[in-house]
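Asker: sequence isn't available, so here's the structure alone:
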């Protein structure tokens with residue numbers, strides 16, 4: 001997926017909305033921070049076609065179990081409610097079932113991604129007791145997204161890199177001490193429909209399975 005006009009307009013709308021929100025006091029402490037996190041990720045079922053020699057056919061439907069992810073970020077707080085960060089995220093969604101097409105019935109595989117983001121965050125008025133909500137918008141570059149299918153006969157993989165997407169963030173930061181904070185947030189990634197060329201055990205491509213995961217993550221943040 002490239003940055004289509006609707007996606008670009010959505011991203012610009014998000015930036016405009018964040019700019020209009022109230023922020024924490026101007027004496028908000030500025031400086032660098034780093035976060036490590038784990039996440040649970042939900043990926044909706046998706047329909048797509050297999051075009052090649054794998055023999056799966058068209059009209060496939062894949063469903064997924066709850067996925068798991070890991071990641072981290074390095075950021076800078078500007079002291080006025082704004083922060084910018086670079087984030088790395090890896091997540092994997094185990095295949096629950098693949099049905100349809102030419103009688104395909106596969107229950108072993110996964111849909112996974114490795115993505116780097118540049119995020120902008122807007123910290124809002126504190127709620128008290130060290131709780132500070134925040135909203136964010138991120139632009140991501142896909143280092144790799146791959147779909148693996150395993151059966152008794154073969155192991156097959158389709159993958160791609162270089163795609164772009166956007167993520168939307170809403171969460172809260174909870175102070176544990178002056179320098180340590182707990183973070184909890186929801187993140188919705190919109191990568192959309194991706195054409196995946198064959199990588200291993202097959203030729204051709206998977207015609208545009210959707211990749212739009214919603215994740216909940218818990219992180220530990222250190223201010224410097």
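Answerer: Yep, it's here. Small disclaimer: the values here were computed from a predicted structure and weren't measured.
Asker: helices of this protein, start to end?
Answerer: For the chain, the helices identified by DSSP state H occupy 5-19, in order along the chain.
Asker: stretch 147-166: how far from the chain's middle?
Answerer: The gap between where stretch 147-166 is centred and where its chain is centred comes out at 17 Å by Cα atoms, centre = their mean, to the nearest Å.
Asker: measure it end to end?
Answerer: 20 Å (Cα to Cα, to the nearest Å).
Asker: what about it, average pLDDT?
Answerer: When pLDDT is averaged over stretch 147-166, the result is 90.
Asker: list the beta-bridge partners for residue 118.
Answerer: residue 86, residue 139 (DSSP bridges).
Asker: for it, give me the pLDDT.
Answerer: Predicted confidence (pLDDT) at residue 118: the value is 98.
Asker: buried ones in stretch 90-108?
Answerer: Of the residues in stretch 90-108, those with enough neighbours to count as buried (16 or more other Cβ atoms under 10 Å) are 91-95, 98, 100-101, 104, 106. Just so you know, the C-beta spots here come from the backbone N, C-alpha and C atoms, and that holds for glycine as well.
Asker: in CSV: those residues, plus distance to residue 148 and pLDDT.
Answerer: Conversion of those to CSV gives the following (distance: Cβ to Cβ, whole Å; pLDDT from 0 to 100):
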residue, distance to residue 148, pLDDT
91, 14, 97
92, 10, 97
93, 11, 97
94, 10, 96
95, 8, 96
98, 11, 93
100, 18, 87
101, 17, 79
104, 15, 73
106, 10, 88
